[in-house]
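In: Attaching a predicted model along with its sequence, questions to come.
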Amino acid sequence: MLEVTLHLIIPQGALRSQDLPVGARFLLLCYSLTLLAFFLTLLAFFLLLTGAVIKIALRTSSKFVPARLGLRLMVRIVITLLVWFGLVFYGASWGLFWQTGSFIDSQVFIFMAPHPLQVFHWVDLDVALVIVALAGAGAFTITVWIPHWIARQPGRSQEKIVFVWRWALGLSVLGAFLGTLYSSWGERQFMRAGILYSRNQVNRSGPISYVVADIAKHLGTSGEPLSIDNSNSFQITQRPIISLNQYKILAEQSQHHRWNVLILTIESLRADQIRAYGGSRDVMPAVETLTKDARVFLNTYTQSSHTNYAAITPLSSHYPLRSATAYTYPKNPTYPRVLIYDVLKAAGYHTAIFSSSNENWGGMINYLETSGLDRFIHAANSKRPTYLMQGDAAFAIWARESQHAGSLDDRSTVDEAIQWIDGLDNEPFFIAMNFQNSHLPYPVPPEFPRRFGPAKLDFTIRFAYFPKDKIQVVKDVYADSLVYVDSQIARLFQHLKEKNRWENTLVVVTGDHGQAFYEHGFASHASAIFDEVMKVPLIIRAPGLKAGRDDRLAQHIDIAPSVLGLLALPIHPSFQGIDLFNAARDPKRSVYMVAQTPDAYQYGIVRSGFKLIYDERQREYLLFNVAADPGENNDIAVSQPAMVKDLANRLNAWRKLQIDYYSNPALQTREYPPILRD
């Protein structure tokens, strides 16, 4: 009954799919109920076995168990807890599907398991508590109330219950079988109806069917092996590893600038919030002023739609794809890491990261924390208050001690940076900063004046959902958070000017990724790799650099080599990007991108005015002519099979090269990550 109810009320569910006729939707429901019945049967055997094991264990150690508790009560408590845990997982999976259209599978579990508290930090407390509470009520109902209720029924009524159960199960099995015939009999598996049924069966028929499909994929009964098409003359560059001492010798052979370097990454910054990129209002005055004295790259892509991949890339110039599944950065990785501040440290710079984010997320701290960093302040080790402290201070203290603090207010992060700068001599410094007030739900201090949106809302902005009739209001609230971030950037710029450090400072401003407002049916980020999430501003200001606009294709891996190029330092051979200021323009250059989150498993390439997206879960390609269709509204994959094939071959070659490299420790001792030349 619960499964049927959820299918009926959740808009994304198979029963609500308008792509299939009503009969096909009923067959999908039968398939879902059949798998659920099979799962419940397995669960019943497991609980019986668990109860038996507990009874045996308690009887053999009865002297350690208080007699007043009783075996029956102990068994019931343990079984109720197990059922509660299962229902929490079941409810969380449906809740995730309700907000994102995806159930929990192994990939989602890998993404969430290393940092459950940080996941909880971004989940709405009311939703989480409702799932936990309903799971508790459900566990009591299943393990206590229903057995007692059935036991009180006369024998004939019990027989009727069993009779109804048998017929329901029989009809479900029959419907599931007919659904299999509907989708895969003969040529139907290649027809639109069969394909749509199969996709809905895997992706929208409930948590159990989703897990079954996931298990089948890992057992090798489904999935797509990656290979490089030898008919394409791909050029692959493989560069041997050098030591920092070797690089230092190369650097000392050339005269280079000893400018300060400031890389500012703004959370969820869409390009269209700045006038130079088509913005219609003055959201970020300090950044707008900077654009008049800088090179503005109008066609820049981030490498990922989620922070734990995207924020690393500007500093490493390495693509973030390292695994076929969601990746968590390990301690002491086997592969080489040479970040831009490692290079600058060897060149005599003071180096620091000041981040409002919690860099434990996804293990980012394991990747960023190298010997080339003098100072590293982020939300988990700063002594300044985080967002959590505005609510429950006791929880915030515990969260800090367990290194799972919330986010810092960007004012605090700028204060940390200013304090560090003032403690330096006249040697050059490198600072990377990560601003977070523009992360959903877009917090702004109550005393800060709002320019666009209301101070109080009559609805909730959730991570992946808010009422669609409130899009403009949410955009205004988002803009106000950017106004606040900009005010803190202005403070930093002004301080550098007052300390006579501004004129010899190179500044980079970008966003880790953009932000969606239902342009393609979803909100926020960490989801599908459409341009509202993937296109970001890239603004670079350097002493003596001629200001202007540049529409060449650029990406985040280009930031580190471009900075070194402006400093007249040699480009480190580990970098996979190019120097945008000294490399020749290539109209056929390729940009690669990836998303591996609960919301989306997608890979993309932009080349020659076209963008190809491969959706691994849906197993389909989407092709857009982004030059003629910048909103990505018209999928032309069916009408352009040759273009799909060409771009897919390049995309698959890139994926294979990346994954093969990071799965080969022996290769990592000899070479840097490979580059697929255009």
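Out: The structure has been received and is ready for your questions.
In: okay, Glu427: pLDDT?
Out: If you check Glu427, the pLDDT there is 90.
In: tell me the contacts of it?
Out: Residues in contact with Glu427 (C-beta atoms under 8 Å, 6 or more residues apart in numbering) are Gly348, Tyr349, His350. C-beta: built from backbone N, CA, C; applies to glycine.
In: Can you turn the buried part of the residues you listed into a PyMOL selection?
Out: Filtering those down to the buried ones (16 or more other C-beta atoms under 10 Å) takes a single PyMOL command:
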select buried, resi 349+350
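In: Select the longest helix from this structure.
Out: helix 22-60 (DSSP state H).
In: if we can go back for a sec, compile the contacts of Glu427 into a markdown table and extend it with columns for distance to Leu457, secondary structure and pLDDT.
Out: Putting the contacts of Glu427 into a markdown table (distance: C-beta to C-beta, whole Å; DSSP: H, G, I helix; E, B strand; the rest coil; pLDDT from 0 to 100) gives the following:
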| residue | distance to Leu457 | secondary structure | pLDDT |
| --- | --- | --- | --- |
| Gly348 | 50 | coil | 92 |
| Tyr349 | 44 | coil | 95 |
| His350 | 43 | strand | 97 |
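In: from the contacts of Glu427, which is closest to Gly565?
Out: Nearest to Gly565, judged by C-beta to C-beta, of the contacts of Glu427 is Tyr349 at 16.1 Å.
In: wait, isn't that closest one in contact with Phe430?
Out: Yes - applying C-beta atoms under 8 Å, one finds Tyr349 in contact with Phe430, separated by 4.9 Å.
In: Show me what the longest helix of the chain is packed up against.
Out: helix 2-9, helix 71-100, helix 155-184, helix 192-203, helix 207-218 (3 or more C-beta pairs under 8 Å, 6 or more residues apart in numbering; DSSP states H and E).
In: so after the lowest-mean-pLDDT helix or strand in the chain, what's the next helix or strand?
Out: Least confident element among the helices and strands of the chain, by mean pLDDT, DSSP states H and E: helix 393-401 (a mean of 43). Following helix 393-401 in sequence order, the next helix or strand is helix 410-422 (DSSP states H and E).
In: roughly how far is that next one from the heart of the chain?
Out: In terms of C-alpha atoms, centre = their mean, to the nearest Å, the centre of helix 410-422 is found 28 Å from the chain centre.
In: With only the CA atoms kept, save that helix in CSV.
Out: Extracted as CSV, the C-alpha positions of helix 410-422 are listed here (Å, rounded to 0.1, in the frame of the first residue of the first chain):
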residue,chain,number,x,y,z
ASP,A,410,32.7,35.2,3.7
ARG,A,411,33.5,38.2,5.9
SER,A,412,35.4,35.9,8.3
THR,A,413,37.3,34.4,5.4
VAL,A,414,38.3,37.8,4.1
ASP,A,415,39.3,38.8,7.6
GLU,A,416,41.6,35.8,7.8
ALA,A,417,43.2,36.6,4.4
ILE,A,418,43.8,40.3,5.4
GLN,A,419,45.3,39.3,8.7
TRP,A,420,47.7,36.9,6.9
ILE,A,421,48.7,39.4,4.2
ASP,A,422,49.5,42.1,6.9
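In: I would like the residues contacting stretch 436-449, please.
Out: Contacts of stretch 436-449 (C-beta under 8 Å, 6+ apart): 266-269, 355-357, 379, 387, 407-411, 413, 450, 455, 461, 463, 477-478, 480-485, 487-488, 515, 524.
In: So which bits of it are buried?
Out: Buried, per 16+ other C-beta under 10 Å, within stretch 436-449: Gln436, Asn437, Ser438, His439, Leu440, Pro441, Tyr442, Pro443, Val444, Phe448.
In: and Leu553, that's in a helix?
Out: No - membership of Leu553 in a helix is not supported by DSSP: H, G, I helix; E, B strand; the rest coil, which gives strand.
In: pretty sure it contacts Gly609?
Out: No - if you go by C-beta under 8 Å, Leu553 and Gly609 don't touch, sitting 9.4 Å apart.
In: Settle it for me: which of the two has more neighbours?
Out: Shown here are Leu553 and Gly609; by other C-beta atoms under 10 Å, Leu553 has more neighbours (22 against 14).
In: if I pick Ile529, what's in contact with it?
Out: Ile529 neighbours (C-beta under 8 Å, 6+ apart): Ser304, Ser305, Met593, Val594, Ala595, Ala600, Gln602, Tyr603, Gly604, Ile613.
In: Neighbour-wise, give me the winner out of those.
Out: Scoring those on neighbours with other C-beta under 10 Å, the highest-scoring entry is Ser305 at 31 neighbours.
In: Settle this for me: that residue is touching Phe522, isn't it.
Out: No - in this structure Ser305 lies outside contact range of Phe522 using C-beta under 8 Å: 10.3 Å.
In: Now for those two: what residues contact both?
Out: Both Ser305 and Phe522 are contacted by Ala528, under the criterion C-beta under 8 Å, 6+ apart.
In: all helices of the stretch 551-678 of the chain, in order?
Out: For the stretch 551-678 of the chain, the helices defined by DSSP state H, counting those that start in this stretch occupy 559-566, 641-662, 665-668.
In: can you list contacts of the shortest one?
Out: Under the criterion C-beta under 8 Å, 6+ apart, residues Thr334, Tyr335, Pro336, Tyr661, Tyr662 lie in contact with helix 665-668.
In: For burial, what's the neighbour tally of Arg281?
Out: A total of 10 residues lie near Arg281 under the criterion other C-beta under 10 Å.
In: same thing with Leu42?
Out: 10.
In: where does it sit relative to Leu35, distance-wise?
Out: 11 Å (C-beta to C-beta, to the nearest Å).
In: May I have stretch 255-270 exported as CSV, CA atoms only?
Out: Presented in CSV, the C-alpha positions along stretch 255-270 are these (Å, rounded to 0.1, in the frame of the first residue of the first chain):
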residue,chain,number,x,y,z
GLN,A,255,63.2,36.5,-16.0
HIS,A,256,59.8,36.4,-14.5
HIS,A,257,57.4,38.7,-12.7
ARG,A,258,57.1,38.5,-9.0
TRP,A,259,53.5,39.7,-8.8
ASN,A,260,51.1,38.6,-6.1
VAL,A,261,48.5,36.1,-7.3
LEU,A,262,44.9,36.1,-6.1
ILE,A,263,42.5,33.4,-7.4
LEU,A,264,38.9,34.0,-6.2
THR,A,265,36.4,31.2,-6.7
ILE,A,266,32.7,32.2,-6.0
GLU,A,267,30.3,29.5,-5.2
SER,A,268,27.5,28.9,-7.8
LEU,A,269,28.4,32.0,-9.8
ARG,A,270,26.4,32.1,-13.1
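In: That stretch - what's its average pLDDT?
Out: Across stretch 255-270, pLDDT averages out at 96.
In: buried stuff in it?
Out: For stretch 255-270, by 16+ other C-beta under 10 Å, it's Trp259, Asn260, Val261, Leu262, Ile263, Leu264, Thr265, Ile266, Glu267, Ser268, Leu269, Arg270.
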